[in-house]
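In: take this sequence and fold it.
(one chain, ligands or ions: 2)
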Amino acid sequence: MTTAAKPRSPVVRAALIGIPALAAALAAGHFTAAFVAPGASPYLAVANSVIDLSPAWLVEFAKNTFWTADKVVLFAGIALVLIGLAVFAGWLARNRLGPGQMVIGVLGVVGLAAALSRPDVGPLAVLPPVVSVLVGGIVFAWLHSRAAAAQAAQPPREEAQEEPAELEPAPESGVGRRSLLVGSAGALVGAGLTGAAGQWLAGPDAEASRRAVAMFTGVKRAPKPPSGADFADWGTPTIITPNKDFYTIHTAFVPPRLRAEDWQLRIHGMVDRPLTLTYDQLRKRPLVERTMTMACVSNPVGGDLISTANFIGVDLAELLAEVGIHQGAEQLFSTSHDGFTAGTPIEVVQEPERAMLAIGMNGEPLPIEHGFPVRMVVAGLYGFVSATKWLVDLEVTTWQARTPYWVPRGWSRKGPVKTHSRVDNVMVDGSKARVAGTAWAPYTGIDKVEVQIDDGPWQQAELAGEVNKNTWRMWRLETKVGPGRHKVRCRATDRSGYTQTSEVAPVAPDGATGWHEVEFSV
Ligand SMILES: Nc1nc2c(c(=O)[nH]1)N[C@H]1C(S)=C(S)[C@@H](COP(=O)(O)O)O[C@H]1N2
Ligand SMILES: [Mo]
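Out: Ligands and ions are numbered 1, 2, ... in the order given. Okay, here's the model as predicted:
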């Protein structure tokens, strides 16, 4: 038993009470949510609500500053705020338990509001935050009583502070001191185990369902890309992007984990014969495979938020013909299980072989983060107006009647992919530069790519073979260069005769423009 122990500082004591109570609360809520509604896990619900309530400029700033780490930054930011509040609650409770419990109550109300506002949960969503508050409150009170027991063994504080010169090392009881430490550590370990169990329980379902879906049979396969369709040895990407490298963009904090067995798609609105499809019904329809390039409107000039896959699915125009689209319909309004929505021009999705409900990607069932079990993919439109993942509802409607997710946040209603090109690589060999890159004008097709070194003449690049007009196209050029520093830029012309403008536009509201330029030296 140490008698020379210094009294614990009030902040350390507050942290030892508050942080384990917080961890226990969140873990208990997460665990409960695994049974009733994974989206109602208080931490995740708050994070998702923060994303939804953030003003457009902040989301944009976070995306531009942290790129795909924006979720990690948000995760850490919320954690820091919560830890601060937990320590504050512990400090408020330095004399009496009540004021500290108040903070827990307020946090509980925030968690409850966030959970209930999630679009992908039912009324049982009240349970996880309520369990959080109860468990948080109990653990808080329990640690508080341990701390109080430790303090009871100390001499009265006032005396000690009046006569600092005579202050002996305050003999806090070793037993009491250890009691709080042991309690805190125990609560933290318990929280960790409970949280992990919740994660495990909520997690494997979707992955198991995805494995059970396995392969698709009777698919009309896409033609193999012709040999020489990429210039990968010159530094371009391959035509097909492996699933693990395919860019990923979604507003959801964690991707919804749906099971194919539970999935249903409602097709309704301005249609003659509304329809509800199960996964089995969908996969029994004629399946086609198409090589398609997808691009994000947030892709900056020269950026890599663009990828290509072999998507397997059902032709959307055929399905819509079956339900019968009314005169005057303008928009196909698609809704995700997580509440995200997109609006696509109805005439675009009625074009044959342009839009699909995809269930497979590069020979596998859709990966969870790319929309398992079903997503939309439309050739030639940015993802934010067309590529709804975890698709659950299709409403045929007017532009007026429904406003999709990104529109009030400052983005455009319409989003045709802008014709673009990018320099992927420059290899210098003596006095020769070998420049290679990618060009895309999905649904129109690339006609020509030109390359300019410094202020020299525009030279026509060699185009690789075309896979189809919906897919990106690789180009290369070998040219003589003198010693020194150089700039190389490129511009594409599509099959409508349009040549990329040099005018620079930002990504919002409807996609960046400008020529991509790269420096190199010889
Ligand atoms: N449910 C849902 N679907 C979504 C989004 C989203 O935020 N939520 N983002 C869209 C955007 S902006 C793009 S660019 C594509 C990205 O699809 P990917 O992640 O498979 O590349 O998905 C689209 N579908
Ligand atoms: Mo996007």
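
In: if you skip the residues just before and after it, what's nearest to Leu282?
Out: Counting by C-beta to C-beta, 6 or more residues apart in numbering, Leu282 lies nearest to Val314, which is 6.0 Å off, once chain neighbours are set aside. The C-beta positions use only the backbone N, C-alpha and C, and glycine is treated the same way.

In: which positions in stretch 210-225 come out as buried?
Out: By neighbour count on 16 or more other C-beta atoms under 10 Å, the buried set for stretch 210-225 is Arg210, Val213, Phe216, Val219, Ala222, Pro225.

In: wait, isn't the fifth one in contact with Asn310?
Out: Spelled out, it's Ala222. Yes - contact criterion C-beta atoms under 8 Å: Ala222 and Asn310 qualify, at 5.2 Å.

In: count the residues that sit near whichever residue of the chain sits closest to ligand 2.
Out: With C-beta to the ion as the measure, Cys296 is the residue of the chain nearest to ligand 2, at 3.3 Å. Using other C-beta atoms under 10 Å, Cys296 has 22 neighbouring residues.

In: just to check, it is in contact with Leu381?
Out: No - judged on C-beta under 8 Å, Cys296 makes no contact with Leu381 at a distance of 11.2 Å.

In: shared neighbours, Ala222 and Asn310?
Out: Glu289, Arg290, Thr291 (C-beta atoms under 8 Å, 6 or more residues apart in numbering).

In: just checking, Ala441 touches Ala492?
Out: Yes - contact status for Ala441 versus Ala492: in contact at 6.7 Å, counting by C-beta under 8 Å.

In: so what's in contact with those two at the same time?
Out: Both Ala441 and Ala492 are in contact with Thr419, His420, where contact means C-beta under 8 Å, 6+ apart.

In: next, Asn48: secondary structure please.
Out: Of the three states, Asn48 takes helix according to DSSP: H, G, I helix; E, B strand; the rest coil.

In: so it touches Ala252, yeah?
Out: Yes - assessed by C-beta under 8 Å, Asn48 is found in contact with Ala252 at 6.5 Å.

In: need the residues touching each of those two.
Out: Asp338.

In: ok so, going back, mind putting the buried residues of stretch 210-225 into a markdown table with pLDDT?
Out: As requested, the buried residues of stretch 210-225 are exported to a markdown table (pLDDT from 0 to 100):
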| residue | pLDDT |
| --- | --- |
| Arg210 | 87 |
| Val213 | 85 |
| Phe216 | 83 |
| Val219 | 91 |
| Ala222 | 94 |
| Pro225 | 88 |
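
In: so what's Val50 up against?
Out: Val50 sits in contact with Leu74, Ile78, where contact means C-beta under 8 Å, 6+ apart.

In: quick one: end-to-end length of stretch 258-275, please.
Out: Taking C-alpha to C-alpha, to the nearest Å, stretch 258-275 runs 20 Å from one end to the other.

In: buried by neighbour count: which residues of that stretch qualify?
Out: In stretch 258-275, counting by 16+ other C-beta under 10 Å, buried: Leu258, Arg259, Ala260, Trp263, Leu265, Ile267, Gly269, Met270, Val271, Leu275.

In: can you list the residues of the stretch 151-300 of the chain near ligand 2?
Out: Proximity of the stretch 151-300 of the chain to ligand 2, by C-beta under 5 Å from the ion, involves residues Ile249, Cys296.

In: run through the residues that contact Pro256.
Out: With C-beta under 8 Å, 6+ apart, Pro256 has these contacts: Gly39, Asp120, Ser336, His337, Asp338, Trp390.

In: how about the third one: what's its closest non-neighbour residue?
Out: This points to Ser336. Spatial nearest neighbour of Ser336, chain neighbours left out: Trp390 (4.6 Å); criterion: C-beta to C-beta, 6+ apart.

In: so the one you found touches His370, yeah?
Out: No - using C-beta under 8 Å as the test, Trp390 is too far from His370 to be in contact (9.6 Å).

In: within range of ligand 1, give me the residues from this protein.
Out: Within the chain, the positions near ligand 1 by C-beta under 6 Å from any ligand atom are 246-252, 294, 296, 336, 338, 340, 370, 383-384, 387-390.

In: so Pro300, which of the three states?
Out: Of the three states, Pro300 takes coil under three-state DSSP.

In: please look at it and Gly514 and confirm they touch.
Out: No - applying C-beta under 8 Å as the test, Pro300 and Gly514 come out as separate, 9.1 Å apart.

In: residues near Ala196, how many?
Out: 13.

In: tell me the SS of it?
Out: helix.

In: again, but for Phe372
Out: Secondary structure of Phe372, per three-state DSSP, is coil.

In: wait, it touches Pro365, no?
Out: Yes - using C-beta under 8 Å, Phe372 is in contact with Pro365, at 6.3 Å.

In: the two: which is more packed in?
Out: Of the pair Phe372 and Pro365, Phe372 is the one with more neighbours under other C-beta under 10 Å, namely 27 against 23.

In: list the residues that contact that one.
Out: Neighbours of Phe372 in contact, by C-beta under 8 Å, 6+ apart: Ala206, Ser209, Arg210, Leu258, Ala260, Pro365, Leu366, Trp390.

In: roughly how far does it sit from ligand 1?
Out: 11 Å (C-beta to the nearest ligand atom, to the nearest Å).

In: give me the pLDDT value at that residue.
Out: Phe372 carries a pLDDT value of 96.

In: try Trp57
Out: pLDDT recorded at Trp57 is 74.

In: and the gap between it and Ser336?
Out: 24 Å (C-beta to C-beta, to the nearest Å).

In: same check, this time on Trp440
Out: 25 Å.

In: equivalent analysis for Lys432, please.
Out: Counting by C-beta to C-beta, the gap from Lys432 to Ser336 is 49 Å.

In: likewise for Ser521?
Out: Using C-beta to C-beta, Ser521 is found at 47 Å from Ser336.

In: up against ligand 2, what does the protein have?
Out: Residues of the chain lying near ligand 2 (C-beta under 5 Å from the ion): Ile249, Cys296, Gly383, Phe384.

In: again, 6 Å this time
Out: Listed as neighbours of ligand 2 in the chain under the rule C-beta under 6 Å from the ion: Ile249, Cys296, Val297, Ser298, Tyr382, Gly383, Phe384.

In: neighbours of the third one, just the number please.
Out: Neighbourhood size, Val297 [other C-beta under 10 Å]: 23.

In: is it correct that it is in contact with Gly511?
Out: Yes - between Val297 and Gly511 there is a contact under C-beta under 8 Å: 5.0 Å.

In: which neighbours do these two have in common?
Out: Tyr382, Gly415.

In: how's the chain carved up into domains?
Out: Domains of the chain are assigned by automatic domain parsing as 2-202, 219-409, 420-521.

In: kindly check the end-to-end length of the shortest one for me.
Out: End-to-end distance for domain 420-521, by C-alpha to C-alpha: 25 Å.
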